[in-house]
Every structure is written in C-alpha cells, then in structure tokens.
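Visitor: sharing a model prediction with you, sequence too.
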Amino acid sequence: MIVIVFALAGALLGILAARRRGGKALDIAQHAAVYAMVFAVIGVFVTVILARG
C-alpha cells in the first residue's frame, strides 16, 4: 500500500516537474514514469523499515 502511494505521488511530482519545464506530452509521460519508479523504490525501503521496526 505504501509503495502504491509513493508511486502515485512520484508520478504526480514528475508530471508537475515536466510541465514546469515546458515539456510536451511524451516528456511529461517519461518524467511521470521515472519519478514513479524512483518513488516506488523509496516506498519499498520505507515498507521494509516499518515492517522490521
């Protein structure tokens, strides 16, 4: 659940970052995908830390 929330938040931040830089549709999609993957990995680490604690 945490991973999904982080991935969605990352995608939203990626969209906003690409729009701020004046990107076209494919730029926005790429930023959203990359940010979502990075944030999902961070979410996995957070999940593991919370599960161990």
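Guide: Thanks, I have it. If you're wondering where the values come from, they're calculated on a predicted model, not measured in any experiment.
Visitor: gap between stretch 46-53 and the chain center?
Guide: Chain-centre distance of stretch 46-53: 19 Å, with Cα atoms, centre = their mean, to the nearest Å.
Visitor: repeat for stretch 17-25
Guide: Once both centres are worked out by Cα atoms, centre = their mean, stretch 17-25 turns out to sit 16 Å from its chain's centre.
Visitor: swap in stretch 1-14?
Guide: The chain centre lies 4 Å from the centre of stretch 1-14; the measure is Cα atoms, centre = their mean.
Visitor: mind saving the C-alpha coords of it as CSV?
Guide: Taking C-alpha atoms only, stretch 1-14 is exported to CSV below (Å, rounded to 0.1, in the frame of the first residue of the first chain):
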residue,chain,number,x,y,z
MET,A,1,0.0,0.0,0.0
ILE,A,2,2.8,2.4,0.9
VAL,A,3,4.6,1.6,-2.4
ILE,A,4,1.5,2.5,-4.4
VAL,A,5,1.0,5.8,-2.6
PHE,A,6,4.7,6.7,-3.1
ALA,A,7,4.5,5.7,-6.8
LEU,A,8,1.4,7.8,-7.4
ALA,A,9,2.9,10.8,-5.6
GLY,A,10,6.1,10.4,-7.6
ALA,A,11,4.1,10.3,-10.9
LEU,A,12,2.3,13.5,-9.8
LEU,A,13,5.6,15.2,-9.0
GLY,A,14,7.0,14.0,-12.3
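Visitor: give me the contact list for it.
Guide: Stretch 1-14 has contacts (Cβ atoms under 8 Å, 6 or more residues apart in numbering) with 28, 31-40, 42-44, 46-47, 50. All C-beta spots, glycine's among them, are computed from the backbone N, C-alpha and C.
Visitor: rounded mean pLDDT for it, please.
Guide: The pLDDT scores in stretch 1-14 average 97.
Visitor: flag every buried residue along it.
Guide: Ile2, Val3, Phe6, Ala7, Ala9, Gly10, Ala11, Leu13, Gly14 (16 or more other Cβ atoms under 10 Å).
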